[in-house]
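[1] fold the following for me, if possible:
(one chain, ligands or ions: 1)
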Amino acid sequence: MTAPVTGPALLPASMRFIQRDWLSCNQLVLFDAEGATLIDSGYVKNAAETVALVRAALATNAGALPLTRVINTHLHSDHCGGNAALASAFGCAIIVPEASSRAVADWDEEALTYRATGQRCDPFAATGSIAPGDTFRAGGVEWMAHAAPGHDPESLIFHCPELAVLVSADALWERGFGVIFPELAGESGFAEQGAVLDLIESLQPRVVVPGHGPVFADAPAAIRHARSRLAAMAADPVRHARSALKVLIKYRLLDLERERLDAMIGELATARIMVDAAGLLEMTPAAALAWAADELVAQGQLRRDGEWLVDA
Ligand SMILES: [Zn+2]
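    This next block holds a predicted model:
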């Protein structure tokens, strides 16, 4: 539950980084005279905490600055689960990647991947969209949106050339990057992720604000690490699928805290991404889910309580 508000010396005073845990992505608050912009909003389970953290950030800078908009890098459940609560608390605009705006308007939970991953998200309305090549001003500087397919075909990353700051979402963390979801469905994703790493390298960021984990300055080291992980994944897609299944089951238990294995299998055995990942493992979805749970228990990430799986 600890969610320290940090303002690393790496970022100017017009930017406040809020580091969260794994269930909720990090937030970046960008201050301008007329109001603040928030990048990404965390998971729905932590929505009230997100509102409180953002309210605190707004109060500590120039009185009670209004939150004028939320801009999402992508619409995975851990990046937009606070959108509805923030819109209700602050009356702010909600800006989503243009490629995802139809799915939001229709609230298509399959296209938005919530059903496919067994995750949750409060429905929200988008008031605008942003596409690769678009720019916006926030925190007193100009940002450009770049396409960042690989982890999510519709994801964006935001780059500020003036300060050489990159908001990298799940395309680059200090130690790794998000699951390459298209590959689970038999679509290309590793090549796209490699191109995104090339793009990030070419941008030469001085500071990277990732979707998860701490802000970091050594982008070249992070890119080297990410490239070696990506090469290992591309060389062994089955291993990537195994690891994706474990990530998704651990994530589900971070959300639910405890769930009966049979209930989880009942819920997830028809979820698209689970079915696809199990297919790569040449297992039935039920067998693959039981295998992933066993592995997580063996690694101490989960524990068993009779028929129940419990987050550890
Ligand atoms: Zn993501």
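[2] OK, contacts around Leu163?
    Pro12, Val141, Arg206, Val207 (Cβ atoms under 8 Å, 6 or more residues apart in numbering). Quick note: C-beta positions are derived from backbone N, CA and C, even for glycine.
[3] which of the residues you listed has the most neighbours?
    Val207 (21 neighbours; other Cβ atoms under 10 Å).
[4] mind listing the residues bridging to that residue?
    Beta bridges link Val207 to Val165 when assigned by DSSP bridges.
[5] do you know how far it is from Ala293?
    38 Å (Cβ to Cβ, to the nearest Å).
[6] same question, Ala217
    38 Å.
[7] between the contacts of Leu163, which sits nearest the ion?
    Val207 (20.6 Å; Cβ to the ion).
[8] pLDDT wise, what is the closest one at?
    You'll see Val207 listed with a pLDDT of 97.
[9] repeat that for Thr60.
    Value for Thr60, per-residue pLDDT: 66.
[10] would you turn the contacts of Leu163 into CSV with distance to Ala232?
    Below are these laid out as CSV (distance: Cβ to Cβ, whole Å):
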residue, distance to Ala232
Pro12, 36
Val141, 36
Arg206, 28
Val207, 27
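[11] going by proximity to the ion, name the top residue of this protein.
    His76 (3.4 Å).
[12] now that residue, nearest residue through space, not along the chain?
    Asp152 (6.3 Å; Cβ to Cβ, 6 or more residues apart in numbering).
[13] show me the contacts for that neighbour.
    His74, His76, Asp170, Gly178, Phe181.
[14] that one: which element?
    Applying DSSP states H and E as the criterion places Asp152 outside every helix and strand.
[15] ramachandran coordinates for it?
    phi -140, psi 120 (degrees, to the nearest 10).
[16] do you know how far it is from Ile71?
    Taking Cβ to Cβ, one finds Asp152 at 15 Å from Ile71.
[17] which residues of the protein lie near the ion?
    Residues of the chain found near the ion (Cβ under 5 Å from the ion) are His76, Asp170, Gly178.
[18] out of those, which is nearest to Arg272?
    Of all the residues of the chain next to the ion, Arg272 sits closest to His76, with 14.5 Å by Cβ to Cβ.
[19] quick one, phi/psi of that closest one?
    phi -60, psi 150.
[20] in the chain, where is pLDDT below threshold?
    The chain contains residues with pLDDT under 70 at 1-8, 60-63.
[21] which helix runs longest in it?
    helix 237-256 (DSSP state H).
[22] what's the next secondary structure element after that one?
    strand 258-260.
[23] give the buried residues for that following strand.
    Glu259 (16 or more other Cβ atoms under 10 Å).
[24] equivalent analysis for stretch 204-220, please.
    Neighbour-count burial for stretch 204-220 [16+ other Cβ under 10 Å]: Pro205, Val207, Val208, Val209, Pro210, Gly211, His212, Gly213, Pro214, Val215, Phe216, Ala219.
[25] repeat that for stretch 120-128.
    Cys121, Phe124, Ala126.
[26] same list (these) but as a markdown table, adding secondary structure.
    Below are the buried residues of stretch 120-128 laid out as a markdown table (DSSP: H, G, I helix; E, B strand; the rest coil):
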| residue | secondary structure |
| --- | --- |
| Cys121 | coil |
| Phe124 | coil |
| Ala126 | coil |
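[27] of those, which is the nearest to Leu256?
    Cys121 (14.6 Å).
[28] list the contacts of the closest one.
    Going by Cβ under 8 Å, 6+ apart, the list of residues near Cys121 reads Val44, Ser77, Cys80, Gly81, Glu109, Leu112, Tyr114.
[29] can you tell me the SS state at Ala222?
    helix.
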